[in-house]
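In: Requesting a structural model of the entry that follows:
(2 chains)
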Amino acid sequence: MKFIALILISLVVLINHANAKSESTAVPLPHGIIKQDGRAAPPLKLNNLDGELYNIEDSKGKWVFVHFWATWCGPCRKEIPTIQDIVSQFKGTNLDIAIINTAESEDTVFNFLGLLAPDINSLMDEDGLITEKWQPRGLPATYLVDPQGKIRYLALGGRPWNKAEYLAFLNQFK
Amino acid sequence: MKNIISILLVLVSSAYHFNCYAAKDKNLVYQDDEVYLRFIQLTPNQIGSFYEGREFSKDAVSLLMASCYVTIIIDNKSDDFLWIDIAKWKFIQNGKNIVQQDRKYWNKQWDKINLKQAHRSTFSWTLMPAERNLYPDEGVGGRIPIPMQSKPFTVVLNFPTGENKQGKMKTVKIDNVVCKQDDQS
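Out: Numbering: from 1, shown residues only, chains lettered A, B, ... in the order given. Modelled structure (predicted):
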């Protein structure tokens, strides 16, 4: 009986710990990161520049860094190299990174990334309709979606993701 | 007394100079404790090149070049929410209101020329958001299209404040804004 009680208590502790990890964090929020109410993330199913399909549904159980951008947007140009840095750092971890170009042609995106962030393989929202469903405040826009598919954080404008305070924030999700 | 008058004269002439400068300067800047504003004036050819570079059709580029774009970068420098609500922004010339060419206006133009969805989306993202809040320290930028103007005009920007717009209205008035033209020489 004592043994069963011990197992039950351990399970409760573990579940609480897992929930706490998925919903909040002890790491202070970096400048420009806003906590969200946990609304369901809109659909996100797009091909990348190589024609490979990504569906955010396949990332259930992981955190997802969802980033919208365009080549004509000044802050996006500044931010995209910092995102390239985190793409390599978080590869194969519990934090998936989905980078979505809004309504531009493959040639435009390919040429732009070739110059500024050649390791990024952007998803292509060719008609811009997926971006509209996410209702970003503007471009660039970044969301953090939790393992249950809920939007938990929003970044205001472009952020220097490769800086220590932002890396510490992202590290808790990997 | 003479000194005070001199100082006042300098202040008045500085203010006058500021207003005159606005009509000529490419990047007019306004700043106080609550808001930073930068006006970017683009000529029709610069606007045309921007959208042509995004592969917009010739018809679309022609339509775009016929309008004037008041492009503004806004940073919320206050500790409170600042609201963008462009229906509350006024463009005035000789006491008359210049009507903004809003998203509804442009959708009608795009329907006429069957502009493809990707380009409607890009155009829309280059416009100033119609209504949204700005967190402290947050910035936003975008264009407000109006019919082309040959004379300077006044822009009155009214920003509701507070989380639910319950705060006092913040108003900035900028005189002598122009639709910059291409050099004909």
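In: Quick one: the strands in chain A, in order.
Out: For chain A, the strands defined by DSSP state E occupy A:33-35, A:45-47, A:53-55, A:63-69, A:95-102, A:123-125, A:141-145, A:151-155.
In: how about the first one, does it reach chain B?
Out: To tie it back to what came earlier, the one meant is strand A:33-35. Yes: judged by CB under 8 Å from any CB of the partner chain, strand A:33-35 comes into contact with chain B at A:Ile34. The C-beta positions use only the backbone N, C-alpha and C, and glycine is treated the same way.
In: A:Lys150: how many residues sit nearby?
Out: 16 (other CB atoms under 10 Å in any protein chain shown).
In: Kindly apply the preceding question to B:Ser57 instead.
Out: Neighbours of B:Ser57 using other CB under 10 Å come to 15.
In: For A:Ala98, name its beta-bridge partners.
Out: Taking DSSP bridges as the rule, A:Ala98 bridges to A:Val66.
In: what's the spacing between it and chain B?
Out: 18 Å (CB to the nearest CB, to the nearest Å).
In: between the strands of chain A, which one is nearest to B:Phe81?
Out: strand A:33-35 (11.9 Å; CB to CB).
In: list the buried ones in the closest one?
Out: Using 16 or more other CB atoms under 10 Å in any protein chain shown as the test for burial, strand A:33-35 gives A:Ile33.
In: Can you tell me what sits against the helix or strand where B:Val61 lies?
Out: Using DSSP states H and E, B:Val61 sits in helix B:58-65. Under the criterion CB atoms under 8 Å, 6 or more residues apart in numbering or on different chains, residues B:44-45, B:47-48, B:51-52, B:56, B:109-110, B:113, B:115, B:119, B:123 lie in contact with helix B:58-65.
In: Spell out which parts of chain A neighbour chain B.
Out: A:31-32, A:34, A:70, A:72-74, A:102-105, A:108, A:126-129, A:131-132, A:137-139, A:156-157.
In: C-terminal to the helix holding B:Val61, what's the next element?
Out: Next along from helix B:58-65, by DSSP H and E: strand B:67-76.
In: got the buried residues for the helix holding B:Val61?
Out: Buried, per 16+ other CB under 10 Å, within helix B:58-65: B:60-61, B:63-65.
In: dump the residue contacts of the residue of chain B found nearest chain A.
Out: Nearest residue of chain B to chain A: B:Ser121, at 2.7 Å (CB to the nearest CB). B:Ser121 sits next to A:102-103, A:127-129, A:131-132 when contact means CB under 8 Å, 6+ apart.
In: any idea what sits nearest B:Ser124, other than its immediate chain neighbours?
Out: Excluding the flanking residues, the one nearest B:Ser124 by CB to CB, 6 or more residues apart in numbering or on different chains is B:Arg103, at 6.6 Å.
In: What of B:Gln109?
Out: B:Leu63 (5.5 Å).
In: How much space separates the one you found from B:Met148?
Out: B:Leu63 sits 12 Å away from B:Met148, going by CB to CB, to the nearest Å.
In: What number of residues are in the vicinity of the nearest residue to A:Asn171 once chain neighbours are set aside?
Out: With CB to CB, 6+ apart as the criterion, A:Asn171 has its nearest non-adjacent residue at 7.9 Å, and that residue is A:Val27. A:Val27 has 13 neighbouring residues, counting by other CB under 10 Å.
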